[in-house]
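After the sequence you'll find the predicted model.
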Amino acid sequence: MRRTGDLPIKQCEQCQRPYRWRRKWARCWNEVRYCSERCRRNARLARRRA
């Protein structure tokens, strides 16, 4: 078992906040770009408007 401080960290492309690895992302961690579903949706809306 890992400690919380030992988990990898990424920065969200939408809100620029750091987020940690989650177990549900174990198989797709390299493809994860956003910290939440809300940020993912907002990024799609921003691309459509631009």
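Looks like it came in fine.

the strands in the protein, which residues?
Secondary structure of the chain (DSSP state E): strands at 9-11, 18-20.

Redo those strands as TSV? Include distance to Trp29, mean neighbour count and mean pLDDT.
In this view, the C-beta of every residue, glycine as well, is placed from N, C-alpha and C. Listed next are the strands of the chain as TSV, based on distance: least, Cβ to Cβ, whole Å; neighbours: other Cβ atoms under 10 Å; pLDDT from 0 to 100:
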stretch	distance to Trp29	mean neighbour count	mean pLDDT
strand 9-11	8	12	97
strand 18-20	11	14	97
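
Arg48 is nearest to which of the ones you listed?
Nearest of the strands of the chain to Arg48, taken as Cβ to Cβ: strand 9-11 at 23.1 Å.

Note down every partner strand of that closest one and its orientation.
strand 18-20 (antiparallel) (DSSP bridges).

Could you give the separation of the partner strand from the chain centroid?
Taking the mean of its C-alpha atoms, strand 18-20 sits 7 Å from the chain's own mean (Cα atoms, centre = their mean, to the nearest Å).

And the helix or strand bottoming out on mean pLDDT in the chain, how far out from the chain middle?
Least confident element among the helices and strands of the chain, by mean pLDDT, DSSP states H and E: helix 37-49 (a mean of 94). Distance of helix 37-49 from the chain centroid (Cα atoms, centre = their mean) equals 13 Å.
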